[in-house]
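J.: no sequence on hand, only this structure:
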Ligand SMILES: [Fe+3]
Ligand SMILES: [Fe+3]
Ligand SMILES: [Fe+3]
Ligand SMILES: [Fe+3]
């Protein structure tokens, strides 16, 4: 089914320790095709090295789980908190984000040892799961979800680095983009009051609440995603040259960045190709368009005489189960700015910095992508990026307002 | 009353020609205390010279009213469209915004002659108002509202220039900030479906529609504004140093810009002063705080354990008539990003560029300020600025969500 | 004659008081065609407003002459030192250079009053010239030379502002560029030891000494200047597109700035025009090329299979009296970096900051330009600008090394 | 002895093939302590990854030697020219310099194979050295000198990367800075005509000629280098805070970069340490100061009441054999801007881009450093860097002008 299980259901099925082992192993599996050279570089300030992701997710458990809750835990190396704290002001000073790519040492083997050291301590802590305090279990759970987010970033960030390389290396030469479901038609939502946001006792991030009632509709939301074929028509119709189609900031980005096509696209021998995790391949018109910014998604909607859905509209439509490719293909830009839900307040302490302090200058994406770990996303999940970002697996679906 | 008449009611009362004469004369009155020297400078890319405002509002009538609708109209000087088009791509190429301050010629006297030339032609066109085509009358009406917006900018922009001057000149030495109403308590809004946005046949901007139904509440919105006294407590409690109170981008702005207090504030002889239109004066603790950015407003709300209202909440509360200082003191930041209302589509043609293409990376402010011309604002009016902007007359009121 | 008298000879002929009156009056005469609007703008950080030049040269006398040496002198306005100190760290804090264009007040009339106030005090001090202490007379003399430098800058800076204006205003509609002397051939300098730098008791700047012996030649230096006609050939031969002709930093400047021709040139109706003090006029092929950067001068020399002379070579050639247009047309780039002469040490005190601290990242120009006040330059005079600067009246002459 | 042999003498002693093998092997030896991770990163646009240095020096032989002069040579991989051409416009398009650190593939092993492939081809070409055309031998010779320059850069660039790492890794834990010779006194040079620049038939770079006569002296040049102890006194006397000691651009750099000490220095536990190739060690007061920019060298000379020598003065003094530590410790800033010698003209073709196009905005350093390969430098050698550069092994010696 398109609707992913909540991560928590997996946890409940297998137990915390099994979930921990599984998530941690998946990170290592993702890094495995990458050499230490591949894992150390940072291709832009917004992207991070693979090695950094591997170490940072480990630091997260050390800092928030082991130090406060594992009696007698010995730090692997006290210098690593400075290097691998991302943005938690309350957790102390940290290395400058744009300089993550300069840290050749600790080397990849040391980071592997760091992971093993922390894994052993967490494993021991989780041995007697039944006696675990609920607040400690909650930290494990957020740590696992956190690591899953970085699993997606490992893929998007290395793809960005490879896309900057003239020889366009492949992460996995066998990798292929999944074609779009051919799902015609739209989901019609009549006006109605719905509860938006996460309810119940499964895991969710703080930004998915408070759940609250909202009036949604009438609106019709396409069942299918916009495809590369649609996008090629936009390009060939001069979409990137027509200021009237764009937000003012968007057209400024087009001109400053020299955008002529989605991210990672290159023209070779007169034909559009795209750098994928499988290397450079011709653009497939039937695949969903990917690596478009919000600015491009918005311009395309205007070009098509359509709209982007709001995140509330998306959530209600997804809940209906009628959307195709809601999950697992590309994140879908909504027209909603990333704002706090009514009455939102960040939790106390460093983990309160997780989501709340980024609720400005970003747009919400819903669903999940081919790079999202299974079980990670859910209907209420709110992803967010600045409107100019396009190195993630980002696409769009369209909506219509009845008149 | 606090609730302003719609501009259109003035137009209806006096007729278009009288309204035109009145608005145009008000612009000249605002510029009168400023020398040609004062009128030519541009203190930052976001601010424009007074002379430019005077010429640009004139060009607006020439371009959109006289050229297409006044038979036989002769351009004052064909080179001026390039200089005084602001951002209308469909109206042709234009001078770079950050270089508006370099145009010492045409001089102030020539711009006055330009205004007179256009005024005479519009006056003639409006002589027989009854026979005016409705679409032509509509252009006059938007031109008047447009000029009123620039009237406010004339004041905010020259104040910014003066605030950059070490000797802090006064625009009008008699000018005094209006003290806040002492309005205790809050307006309680229970959950309810309300129509948001402009309805009826009075004038409004395109961004105020489509009117649509929305669920608002429960929320309580303070009747009064946050004051300088409140803000001094925030400063003295270390508000500008405590990263935990700020959005991440907000704290970055604090550090990069060196913010220690609201805009135009200076410490002299150990006491906070502020550059106002009346010159440098001590900060009055009883006056509403002004010249704060969204970042600061948001941090203050968090410091106070409160929230900013959404624009919909503000609109419903304002309609109740119970808010104090809703209009005419300071624009009030809301927590709403500036987004299109459901189904919004910009009009065809250059005037469709008026508002829609700016619906990104900005936050909505509601109400109006001491610098807003009487009759210009209304309950559905949506002002918007980037979250870092603070040279406008911007303040805040707070809200609480019942738990 | 081409060789200008030293300024000092004028002083000696007429006396200090007459020289003071004459130089000060000349500044006012230069500013006279400019309105207060024209006088207030700053078109780039390197250029200053006319009003600033008028006030700064006045502050120079107040700060360095009147305050220390005129008993009982009363400051005109104690706030002006902050506004009109340029870069003298020892004279106290000062307004940021890029913000000089924001100072609309003090207005032009106040600056005129400031000039009159200081003029009266200096005039009184110079009434009994014979009894003036030599060190005080020396300050007057440097103050006059200083003001003459700013006289040239008044013209170059306003021309830059006008060149940024699409309507290309004229400073003086009657102004015409002086055609080049048609001076064929070259001055041949055999190897010889010469004294370089200023000697004797006339006025000179500190950077013209210490006089020292240097080996100069063999070299041949063209008697005439490079012309616009020569430059058009360079343009038409693709000079601005051929990286091989350029210094690496120079070609980067070409690409970043989009240089296709000298400064202030514009193509209109398929023909090159240039914004001059007389307004926009067709480029005259017979006139010396002007407004070229060092990068361009260097590239042109390479294109021509020639070299730029060193400043020592220029000085020896100029001393021979055989160069045409050595003075009074365009400053001539030399291939010499602006460095201290052997043993140079800046004077103590604020006036020691005059020249010495700029001896890096700049190239020496020799001669003088049409904008240099008569009597200001001399054979040993060292002007200097960064290699990318081209808003001054800068051109070149070529040299050959015998092989 | 302090005076290094010319590289050419080594070539002459052992033959080209032996020299080729020796130089190439030395590069590999320098890279050996560095992991592939270490070798891939670029810590700033001016520094390059070790792997890039290894590949670029190989490309140099492939491009300039093998392609034109080795019949039947097959390119290792035709995509590498784009990646490993540094700045030779005539050799075709190239990868952007600031993005060298993004090239994780080709990996280190592939670059090793590239080196082996080219080494074999060159070895074959040099097998019959006697029959080698002189112009081909000349290309080998410049290729070897080129590679030696990059050998020094391998060390300075990795040291910069390590200095940016909070844990300060060691390139070689055994590495120690060589203490300065304790050489009191000065070399006195009376006025005299000397030939400056390279003469004779040994190897030299194009920028060392044309040899020409120049008048040098009188001047006295210290036999010894400025030490860390001297520099600590400068720091403790407030040298970095006193604008009067600095060039204007230099003090701006101090403020913008936050310089409080030489490059790679860190204060730990209240004491100055420095990141060296041997890791973080306490600053040794007896060692020559290293990693100072020209701005700092110039400010120190002013602080000491002394001067920097010119490059001509240095060359004549070095030729006397009386300078201590002229070679092999730190490059020594001179007060000479990097300019062409009289009559200099770059060679035709891509190799003419080697030095000439950088003769602007840089200062000359003389001597050589501990990182310079033995036999590489010579008395006429001209090294050059921008005045703000301090990641090289750069120090200074002082001079006095008799009065
Ligand atoms: Fe994280
Ligand atoms: Fe406007
Ligand atoms: Fe000056
Ligand atoms: Fe190289």
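T.: Yep, it's here. Not measured: the values here are computed from a predicted model. Numbering: from 1, shown residues only, chains lettered A, B, ... in the order given. Ligands and ions are numbered 1, 2, ... in the order given.
J.: could I get the contacting residues of the residue in the stretch 201-350 of chain A positioned nearest to chain D?
T.: Closest residue of the stretch 201-350 of chain A to chain D, Cβ to the nearest Cβ: residue A:279 (11.1 Å). All C-beta atoms are positioned from the backbone trio N, CA, C, and that covers glycine. Neighbouring residues of residue A:279 by Cβ atoms under 8 Å, 6 or more residues apart in numbering or on different chains: A:168-170, A:173.
J.: make a ChimeraX selection of the buried ones in the residues you listed.
T.: Only the buried entries of these go into this ChimeraX selection, using 16 or more other Cβ atoms under 10 Å in any protein chain shown:
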select /A:168,169,170
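J.: between the contacts of residue A:279, which is nearest chain C?
T.: Once Cβ to the nearest Cβ is applied, the member of the contacts of residue A:279 that ends up nearest chain C is residue A:168, at 26.5 Å.
J.: state the phi and psi torsions of the closest one.
T.: When read as degrees, to the nearest 10, the backbone of residue A:168 gives phi 50, psi 70.
J.: find the residue closest to it in space, skipping its chain neighbours.
T.: Leaving aside its sequence neighbours, residue A:168 sits nearest to residue A:280 (Cβ to Cβ, 6 or more residues apart in numbering or on different chains; 4.2 Å).
J.: ok, that neighbour to residue D:92 distance?
T.: 21 Å (Cβ to Cβ, to the nearest Å).
J.: neighbour count winner among these two?
T.: Counted by other Cβ atoms under 10 Å in any protein chain shown, residue A:280 and residue D:92 do not tie: residue A:280 has more neighbours, with 17 against 11.
J.: now that one: which helix or strand?
T.: strand A:279-282 (DSSP states H and E).
J.: return the distance of that strand from the chain's centre.
T.: Taking Cα atoms, centre = their mean, to the nearest Å, one finds the center of strand A:279-282 at 23 Å from the center of the full chain.
J.: by contact count, what packs against whichever helix or strand comes after that strand?
T.: Using DSSP H and E, the next helix or strand after strand A:279-282 towards the C-terminus is helix A:294-303. In terms of contacts (3 or more Cβ pairs under 8 Å, 6 or more residues apart in numbering or on different chains; DSSP states H and E), helix A:294-303 is packed against helix A:228-236, helix A:248-257, strand A:331-337.
J.: deepest of those, which one?
T.: When those are scored by mean count of other Cβ atoms under 10 Å in any protein chain shown, the highest mean neighbour count falls to strand A:331-337 (a mean of 27).
J.: next SSE after that one?
T.: For strand A:331-337, the succeeding helix or strand toward the C-terminus, using DSSP H and E, is strand A:363-366.
J.: give me the contacts around the helix or strand just after that following strand.
T.: Next helix or strand after strand A:363-366 toward the C-terminus (DSSP H and E): strand A:383-385. Contacts with strand A:383-385, where a contact means Cβ under 8 Å, 6+ apart, come from A:294, A:331, A:338, A:358, A:362-366, A:368, A:392, A:394.
J.: mind checking the SS state of residue A:214?
T.: strand (DSSP: H, G, I helix; E, B strand; the rest coil).
J.: I'd say it and residue A:192 touch.
T.: No. Using Cβ atoms under 8 Å as the test, residue A:214 is too far from residue A:192 to be in contact (9.7 Å).
J.: when these two are compared, which one has more neighbours?
T.: Per other Cβ under 10 Å, whichever of residue A:214 and residue A:192 has more neighbours is residue A:214, with 21 against 11.
J.: so how far is residue A:142 from residue A:135?
T.: Distance from residue A:135 to residue A:142, by Cβ to Cβ: 11 Å.
J.: now do the shared contacts for the two.
T.: Joint contacts of residue A:135 and residue A:142 (Cβ under 8 Å, 6+ apart) do not exist.
J.: more crowded one of the two?
T.: Set residue A:135 next to residue A:142 and count neighbours by other Cβ under 10 Å: residue A:142 wins out with 18 against 9.
J.: give me phi/psi at the more buried one?
T.: Torsion angles at residue A:142 (phi, psi; degrees, to the nearest 10) stand at phi -70, psi -30.
J.: quick one, what contacts the residue nearest to it when sequence neighbours are not counted?
T.: Among residues not flanking residue A:142 along the chain, residue A:351 sits closest, at 6.8 Å (Cβ to Cβ, 6+ apart). Neighbouring residues of residue A:351 by Cβ under 8 Å, 6+ apart: A:64, A:139, A:142.
J.: from those, which is closest to residue C:318?
T.: Distance to residue C:318 across the contacts of residue A:351 (Cβ to Cβ) is lowest for residue A:64, with 75.7 Å.
J.: on the three-state scheme, that closest one is what?
T.: helix.
J.: check contacts around it.
T.: Counted by Cβ under 8 Å, 6+ apart, residue A:64 has contacts A:139, A:142-143, A:350-351.
J.: chain D: which of the contacts of strand A:383-385 is nearest?
T.: residue A:392 (18.5 Å).
J.: that closest one - how many residues pack around it?
T.: 26.
J.: repeat that for residue A:315.
T.: 23.
J.: wait, it sits on residue A:367?
T.: No. Contact criterion Cβ under 8 Å: residue A:315 and residue A:367 do not qualify, at 10.2 Å.
J.: who's in contact with the closest residue to chain B within the stretch 1-150 of chain A?
T.: Residue nearest to chain B within the stretch 1-150 of chain A (Cβ to the nearest Cβ): residue A:89, separated by 4.5 Å. By Cβ under 8 Å, 6+ apart, the contact list for residue A:89 reads A:350, A:353, B:243-244.
J.: and for residue A:59?
T.: So residue A:59 contacts A:80-81, A:84-85 (Cβ under 8 Å, 6+ apart).
J.: kindly report the same for residue A:370.
T.: With contact taken as Cβ under 8 Å, 6+ apart, residue A:370 is in contact with A:177-178, A:328-330, A:393.
J.: what residues does the stretch 1-150 of chain A put near chain D?
T.: A:35-41, A:43, A:51, A:79, A:82-83, A:95, A:99, A:101-108 (Cβ under 8 Å from any Cβ of the partner chain).
J.: how about a cut-off of 7 Å?
T.: With the criterion set to Cβ under 7 Å from any Cβ of the partner chain, the stretch 1-150 of chain A comes near chain D through A:35-38, A:40-41, A:43, A:79, A:82-83, A:95, A:99, A:101-105, A:107-108.
J.: filter the residues you listed down to the buried ones and hand me the PyMOL line.
T.: Selection of buried members from the residues of the stretch 1-150 of chain A next to chain D for PyMOL, criterion 16+ other Cβ under 10 Å:
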select buried, chain A and resi 35+36+37+38+40+41+43+83+95+101+102+103+104+105+107+108
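J.: intersect the residues of the stretch 1-150 of chain A next to chain D with the contacts of chain C.
T.: Among the residues of the stretch 1-150 of chain A next to chain D, not one lies near chain C by Cβ under 7 Å from any Cβ.
J.: identify those among the residues of the stretch 1-150 of chain A next to chain D that sit within helices.
T.: A:36-38, A:40, A:82-83, A:108 (DSSP state H).
J.: pick the one among these closest to residue C:15.
T.: residue A:82 (71.0 Å).
J.: one step back: what's the most distant pair in the contacts of strand A:383-385?
T.: A:358 and A:368 (18.7 Å).
J.: between these two, which has more neighbouring residues?
T.: Neighbours around residue A:358 and residue A:368, counted as other Cβ under 10 Å, are more numerous at residue A:368. The numbers are 25 against 18.
J.: count the residues that sit near the residue nearest to residue A:366 when sequence neighbours are not counted.
T.: The shortest distance from residue A:366 to any non-neighbouring residue, by Cβ to Cβ, 6+ apart, is to residue A:314 (4.5 Å). Number of residues near residue A:314 (other Cβ under 10 Å) recorded here: 28.
J.: so residue A:314 makes contact with residue A:335?
T.: No. Contact between residue A:314 and residue A:335 fails when scored by Cβ atoms under 7 Å: they sit 9.7 Å apart.
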